[in-house]
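> show me the folded form of this:
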Amino acid sequence: MNTANKILIAGATGDLGLEIVKLLHEKGYRLRLITRSEEGVRKLSKYSDDIWKVDAAENREDLKGIGENIDVFISALGKSLSLFRPNNDDFIKSDFIANKNILDAIKDSGISRILYVSIKGADTAEDFEIAKAHKLFEEEIQASGISHSIVRPVGLYSGLNDLAIMAKRQVIPIVGDGKAETNSIHHRDLAKLIVDLTDEGPEIIEPGGPLIHTRLEMAEMLKEKIGGKILQIPEPMAEIGMLLPDFLDSELGDKLDYYKYVTTVDMIGEKIGTITYREYLEELDIKELP
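Numbers count the residues shown, from 1 in each chain. Just a heads-up that it's a prediction; the model follows:
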């Protein structure tokens, strides 16, 4: 791609989105970045002077013209899965409506390519609100007729930080026997892949990290790094315990339901990354965790 063209990035202030921004900035691409907060504007100002402060889910009229002179749209926009980062928006609003509003605003502006960060399981776990929201936007992209790559990572190492936070509180909960396998990926490795896909790539790719571990093995690594006791929770007991949040907080219930699902089935992607989970833990500053 000619670096004279501009790339639009949504979700630019998250761990993954910011890494994508940094890599593209280093390569000389011109960037238009979306954030909905003043803090986000300050965070992104060193990488672009073309920053749109807008809540894409709430204010679709404010997106008018955002696709002008844009060649590629990259979205890492979505609601955090962390139990320690609650907000009032549901997953349909954050992961589907916000992205759809942006796509509607740009799809007739001459955009040539879309890269969307979805999740592994979006096509097979639609009973869960999180997966359903991603699948709905995947379908919008596929119906647009625009060249695209839908990236479905098995999970990010940073997505396991909830367990690190709980380890600081001396407990590391594991649902079931812990034998389910996964190869989560570092956000830097995933960002590199996404940057490599800006010109072309497969319509769907499911990337993972370099090593496959059981959930119990990953818990043992956390224990070595932070301490705490590994607590294995039988699946039937976990299912009963996860019913209560549904009565109190639908967001928490959705997160716990999906957490139980992804931690008790194998979630293995194509080995693309090079940074291991142990290396991620070595650089993790636990003082920055709540």
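> flag the shaky bits of the stretch 51-200 of the chain, pLDDT-wise.
Low-confidence segments of the stretch 51-200 of the chain (pLDDT under 70): 83-84, 86-88.
> so where do the helices sit in it?
According to DSSP state H, counting those that start in this stretch, the stretch 51-200 of the chain carries its helices in the segments 91, 98-106, 129-144, 161-168, 187-196.
> elements contacting the very next helix or strand once past the last one?
The element immediately downstream of helix 187-196 (helix or strand, assigned by DSSP states H and E) is strand 204-205. With contacts defined as 3 or more C-beta pairs under 8 Å, 6 or more residues apart in numbering; DSSP states H and E, strand 204-205 has these neighbours: strand 147-151. C-beta here means a position set from N, CA and C on the backbone, and glycine is covered the same way.
> please name every helix or strand in contact with the strand it packs on.
Going by 3+ C-beta pairs under 8 Å, 6+ apart, strand 147-151 lies up against strand 113-117, helix 129-144, helix 187-196, strand 204-205.
> what's the closest non-adjacent residue to Leu30?
Just so we're on the same page, residue 30 is Arg rather than Leu. Among residues not flanking Arg30 along the chain, Lys6 sits closest, at 4.4 Å (C-beta to C-beta, 6 or more residues apart in numbering).
> isn't the one you found up against Asp71?
Yes. Using C-beta atoms under 8 Å, Lys6 is in contact with Asp71, at 6.4 Å.
> neighbour-wise, which of these two wins?
Asp71 (20 against 17; other C-beta atoms under 10 Å).
> which non-adjacent residue is nearest the more buried one?
That would be Asn5: by C-beta to C-beta, 6+ apart, it lies 3.8 Å from Asp71.
> what about the one you found, neighbour count?
Should you count by other C-beta under 10 Å, Asn5 turns out to have 14 residues around it.
> check the one 10 residues further on too.
When neighbours are counted by other C-beta under 10 Å, Asp15 registers 19.
> just checking, it touches Tyr157?
No. Counting by C-beta under 8 Å, Asp15 does not reach Tyr157; the two are 9.4 Å apart.
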